[in-house]
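Trainee: Generate a structure from the sequence data that follows.
(2 chains)
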2 protein chains.
Amino acid sequence: MKAQDYPLAMRELIECLCRLPGTGRRSAERLALWLLQHGKADARDLSTALIRAVEQTTACPRCGFFSTDGELCAACADPTRDTSLLCVVEQPTDVLPIERSGSYHGLYHCLGGKVSPLDGVMPEQLSIPQLLDRVREQPGCEVILALGSDVEGDATALYLAEQLGELPCTISRIAQGMPAGAGLSQADSITLLRAIQGRTKI
Amino acid sequence: MKAQDYPLAMRELIECLCRLPGTGRRSAERLALWLLQHGKADARDLSTALIRAVEQTTACPRCGFFSTDGELCAACADPTRDTSLLCVVEQPTDVLPIERSGSYHGLYHCLGGKVSPLDGVMPEQLSIPQLLDRVREQPGCEVILALGSDVEGDATALYLAEQLGELPCTISRIAQGMPAGAGLSQADSITLLRAIQGRTKI
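Mentor: Numbers count the residues shown, from 1 in each chain, chains lettered A, B, ... in the order given. Reported below is the predicted structural model:
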């Protein structure tokens, strides 16, 4: 019998930590040792927080943003929101930067991804039917497409514009152009092209 | 009511992940999102492994190495070990590299640290009385001091040599010199000094 390795429970913890993104075996070993030698209380707290977050965090049944225990999310449950504005984003995480910017007080719709045939993501896998239903229930609303400015974001925006075209709504897309605080010398040519195409009168 | 932040359970998980060494707020957020979006099963496994490791992993009551549920560790419980050899290390983690080197088949004693008055670690806080008891119970044994080759390691070795001097044992210290595979040009002057002082006849 050799003592070349940690006891079973420690080895299992190291295995689990290894599965986290960006964590190799050495980092997992260091983390496990730290948790057992200096952070036993932290380890218990983390164990509880993990199971609670996994069990309580759900997708909002209406818009797909993060919510708790299957209820409506903070935005959908807010009666002061402008229900005639519907901002379409790719992922629930895209809602946070828009909310933090403080520039928008409407509702959201998280598609759950973007159309990307190369990655095997087809329109059927996104929550597009739900979006169309929401637009039908709110005639005259404005659908703001806040998708990424990459090829897949463009493709998704085109596809959505086509699907939404027959419904009683206006469609807009967030502006593409120079990011705040950037100089012209750092801008790539596509950003500059779009900034010039989207120029506004002053 | 704003949706500027994650639901409570997610925020608590992010707080707990932030407390891990080397994990900032952005990394903790990314980890939490990954766990909730792609790794729900991994999160459950990690939660179970954490609580199990914290509850089951104990220090061996005899030598201080990692063991399970208060039992003797793999080395102390091994009847084939040479009980006349007692290797003194600073931390339980120091046992693993010695075991993995395959060069030693005796017992261990983990001090739990090294004498370091500047960090507030005095000899009384280390498991030195337990070491002296073990040496008294095994007259004629050899105590191998496998401490770090820094100032505190030297101080601890000197202190232990003094304490052990009156007991019926021989005392040795692991060799200091050139590490395997290193060229002379990379060696610092203290390493070279010790390598020359500790030269052996061939």
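Trainee: does the nearest residue to A:Glu55 once chain neighbours are set aside belong to a helix or a strand, and which?
Mentor: Distance criterion CB to CB, 6 or more residues apart in numbering or on different chains; nearest residue to A:Glu55, sequence neighbours excluded, is B:Ala9 at 8.0 Å. For every residue, glycine as well, the C-beta is placed using N, CA and C. Per DSSP states H and E: B:Ala9 is located in helix B:8-18.
Trainee: ok, residues contacting the helix or strand hosting A:Arg136?
Mentor: Under the criterion of DSSP H and E, A:Arg136 resides in helix A:128-137. Applying CB atoms under 8 Å, 6 or more residues apart in numbering or on different chains, the contact partners of helix A:128-137 are A:62, A:86, A:88, A:109, A:111, A:141, A:143, A:160, A:163-164, A:167-169.
Trainee: Out of the residues you listed, who's the most crowded?
Mentor: Of all the contacts of helix A:128-137, A:Val88 has the most neighbours under the rule other CB atoms under 10 Å in any protein chain shown, reaching 26 neighbours.
Trainee: That residue: what's it in contact with?
Mentor: Contact partners of A:Val88, counting by CB under 8 Å, 6+ apart, are A:108-109, A:111, A:131, A:143-147, A:160.
Trainee: if we go to 10 Å?
Mentor: For A:Val88, the contacting residues are A:63, A:94, A:108-111, A:127-128, A:131, A:134-135, A:143-147, A:156-157, A:160, A:164, A:171, A:173, by CB atoms under 10 Å, 6 or more residues apart in numbering or on different chains.
Trainee: before we move on, what about A:Leu33?
Mentor: With CB under 10 Å, 6+ apart, A:Leu33 has these contacts: A:6, A:10, A:13-14, A:39, B:66, B:91-93.
Trainee: helices and strands around the helix or strand harbouring A:Tyr108, which ones?
Mentor: Assigned by DSSP H and E, A:Tyr108 belongs to strand A:106-110. Secondary-structure packing of strand A:106-110 (3 or more CB pairs under 10 Å, 6 or more residues apart in numbering or on different chains; DSSP states H and E): strand A:82-89, helix A:95-101, helix A:128-137, strand A:142-145.
Trainee: Format the ones you listed as CSV; extra columns: distance to A:Ala49.
Mentor: CSV is the format used below for the helices and strands packed on strand A:106-110 (distance: least, CB to CB, whole Å):
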stretch, distance to A:Ala49
strand A:82-89, 26
helix A:95-101, 19
helix A:128-137, 31
strand A:142-145, 35
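Trainee: rank the ones you listed by mean pLDDT and give me the bottom one.
Mentor: When the helices and strands packed on strand A:106-110 are compared by mean pLDDT, helix A:95-101 comes last with a mean of 89.
Trainee: Please indicate which of the contacts of A:Leu33 are buried?
Mentor: Buried subset of the contacts of A:Leu33 (neighbour count, 16 or more other CB atoms under 10 Å in any protein chain shown): A:6, A:10, A:13-14, A:39, B:66, B:91-93.
Trainee: what's the closest of these to A:Glu152?
Mentor: A:Ile14 (37.1 Å; CB to CB).
Trainee: Please give me every residue in contact with the closest one.
Mentor: A:Ile14 neighbours (CB under 10 Å, 6+ apart): A:5-6, A:23, A:25, A:27-33, B:49, B:53.
Trainee: Check A:Thr48 too.
Mentor: Applying CB under 10 Å, 6+ apart, the residues near A:Thr48 are B:12-13, B:16, B:47, B:50-51.
Trainee: Please go through those residues and note which also touch chain A.
Mentor: B:12-13, B:16, B:47, B:50-51 (CB under 10 Å from any CB of the partner chain).
Trainee: Serialize these to a markdown table and add fields for pLDDT.
Mentor: Shown next, in a markdown table, are those (pLDDT from 0 to 100):
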| residue | pLDDT |
| --- | --- |
| B:Glu12 | 92 |
| B:Leu13 | 93 |
| B:Cys16 | 92 |
| B:Ser47 | 94 |
| B:Leu50 | 93 |
| B:Ile51 | 93 |
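Trainee: out of those residues, what pair is the most spread apart?
Mentor: The widest separation within those (CB to CB) is 16.3 Å, between B:Glu12 and B:Ile51.
Trainee: what pLDDT does A:Glu162 get?
Mentor: 93.
Trainee: show me the residues around it that make contact.
Mentor: A:Ile171.
Trainee: Would you list the phi and psi of it?
Mentor: phi -70, psi -50 (degrees, to the nearest 10).
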